[in-house]
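**Student:** Predicted model and sequence below, questions to follow.
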Amino acid sequence: MRNLLIRTLSGAVFLALFLTALLWHPAAYCVLFSAAVVIMMTEYLKITVGPHETAARILAVITGVLTFLLFFLHAGYGLAGKWLLVLPVMISLIFVAVLYTKEGNAYRTTPFILASVIYIALPFALTNMTVFSPDGSFDGRVLLAIMIIIWSSDVGAYLSGMAFGQKHGHRLFPSISPKKSWEGYFGGLVLALAAGWCSGHFSLVDFPWYHCLALSVLVNISSTIGDLVESQLKRNFGVKDAGRIMPGHGGLLDRFDGALLAFPVSVLYIMISGL
C-alpha cells in the first residue's frame, strides 16, 4: 500500500510537470525536455559505460542537449537549418575525447556513447516538429495526445496482462520480459485506440478519426518495442531500474522507454500524412 502511494504521488508530480510544459509556454517545454534529455542520457551512460570515458560522456550529454535546442530554435524560431551541421562536429569531438582517454575500453564504450545521442536526444529533439506549427506558434496538444496514447497503452497492457495473461497467457517476448503477454499487448492496443479516438473526438487534436486510430496503432506498436528494447538493455547489464529519480517508478529512462521509439514514428506519420 505504501509503495502504491509513493508511485501515485511520484506519477502525479511527473504528470503535473509534463502538462505544465506542454500547455503553458514554450520556455517551460524547452527547459523540462532539455532536463529530461540530460537525466536520461546520464542514466543510459551510467548503465552502459559506467564511470569511464568521463570527457566523452560529458561531450555526449552536451551534444544531446544541443541537438534538442537546435531543433527547438529551428522549428519554433526560424533558426537556419545550416546550424544543424554543428552536430556532426560535436560527434567528431566525442571521438577526439575517446582518442585521448586513458581509462576503460574505448572500443567497447564508444558505440554506447554515440548511441546515447541517437537513442535519447534525437527522439526528444523530433518532438519539436509536433509542438510548433510552420509559422512558429506553440501548441503542445499533439504531443500530449501522443503521450496519452502511450500511457493508455501501458495501463491497458498492465490491466489486461494481470487479468488474462499471468497464469495461462501467451508470452510476448519471454527471453527479454517474461511477464509481458500477448493478452496484455492486445489490452494495451484496445485502450490506445480508445485514447486516440477520444483525442480526436474531444478536439485535443484536429486530425480525422481514421488518422487518430492509425496513429494509435503505430504508437502502440512502437512504444511496446521501445519498452522491450530498454528491458533488454537492463537485462544485459544486470540492472533492475535505470535510476531512482522517480520514487516507485525507477529512472526517467524507465518512464520514457516506449516514447523513445514512439516519438520518431509519430513524427514521421504526422509529417508524411500532412497533418
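**Tutor:** That came through fine.
**Student:** Show me the helices in the protein, by range?
**Tutor:** If DSSP state H is used as the criterion, the helices of the chain fall at 2-23, 26-48, 54-77, 86-99, 106-116, 122-126, 128-131, 141-160, 182-201, 209-237, 252-256, 259-273.
**Student:** now the ones you listed in JSON lines, with mean neighbour count, mean pLDDT and distance to His170?
**Tutor:** Where you see a C-beta, it was placed from the backbone N, CA and C, and this is true even at glycine. Formatted as JSON lines, the helices of the chain follow (neighbours: other C-beta atoms under 10 Å; pLDDT from 0 to 100; distance: least, C-beta to C-beta, whole Å):
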{"stretch": "helix 2-23", "mean neighbour count": "14", "mean pLDDT": "78", "distance to His170": "28"}
{"stretch": "helix 26-48", "mean neighbour count": "20", "mean pLDDT": "95", "distance to His170": "30"}
{"stretch": "helix 54-77", "mean neighbour count": "20", "mean pLDDT": "95", "distance to His170": "38"}
{"stretch": "helix 86-99", "mean neighbour count": "15", "mean pLDDT": "91", "distance to His170": "42"}
{"stretch": "helix 106-116", "mean neighbour count": "17", "mean pLDDT": "88", "distance to His170": "32"}
{"stretch": "helix 122-126", "mean neighbour count": "23", "mean pLDDT": "97", "distance to His170": "30"}
{"stretch": "helix 128-131", "mean neighbour count": "22", "mean pLDDT": "95", "distance to His170": "35"}
{"stretch": "helix 141-160", "mean neighbour count": "22", "mean pLDDT": "91", "distance to His170": "12"}
{"stretch": "helix 182-201", "mean neighbour count": "21", "mean pLDDT": "93", "distance to His170": "4"}
{"stretch": "helix 209-237", "mean neighbour count": "19", "mean pLDDT": "94", "distance to His170": "15"}
{"stretch": "helix 252-256", "mean neighbour count": "23", "mean pLDDT": "90", "distance to His170": "25"}
{"stretch": "helix 259-273", "mean neighbour count": "19", "mean pLDDT": "95", "distance to His170": "23"}
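**Student:** could you dump these to JSON lines with distance to Pro174?
**Tutor:** What follows is these, written out as JSON lines (distance: least, C-beta to C-beta, whole Å):
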{"stretch": "helix 2-23", "distance to Pro174": "26"}
{"stretch": "helix 26-48", "distance to Pro174": "22"}
{"stretch": "helix 54-77", "distance to Pro174": "33"}
{"stretch": "helix 86-99", "distance to Pro174": "36"}
{"stretch": "helix 106-116", "distance to Pro174": "25"}
{"stretch": "helix 122-126", "distance to Pro174": "27"}
{"stretch": "helix 128-131", "distance to Pro174": "35"}
{"stretch": "helix 141-160", "distance to Pro174": "16"}
{"stretch": "helix 182-201", "distance to Pro174": "11"}
{"stretch": "helix 209-237", "distance to Pro174": "11"}
{"stretch": "helix 252-256", "distance to Pro174": "20"}
{"stretch": "helix 259-273", "distance to Pro174": "21"}
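**Student:** quick one, which of the ones you listed is nearest to Ser175?
**Tutor:** With C-beta to C-beta as the criterion, Ser175 lies closest to helix 209-237 of those, at 8.6 Å.
**Student:** Could you tell me the angle between the closest one and helix 259-273?
**Tutor:** Angle, helix 209-237 to helix 259-273, by axes from the mean of the first three to the mean of the last three C-alpha atoms, to 10 degrees: 150 degrees.
**Student:** Name all residues that make contact with Leu143.
**Tutor:** By C-beta atoms under 8 Å, 6 or more residues apart in numbering, the residues touching Leu143 are Leu22, Thr127, Thr130, Val131.
**Student:** In CSV: the residues you listed, plus distance to Ile148.
**Tutor:** Shown next, in CSV, are the contacts of Leu143 (distance: C-beta to C-beta, whole Å):
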residue, distance to Ile148
Leu22, 11
Thr127, 14
Thr130, 13
Val131, 15
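**Student:** closest to Leu218 among these?
**Tutor:** Taking C-beta to C-beta as the measure, Thr130 is the one of those closest to Leu218, at 13.7 Å.
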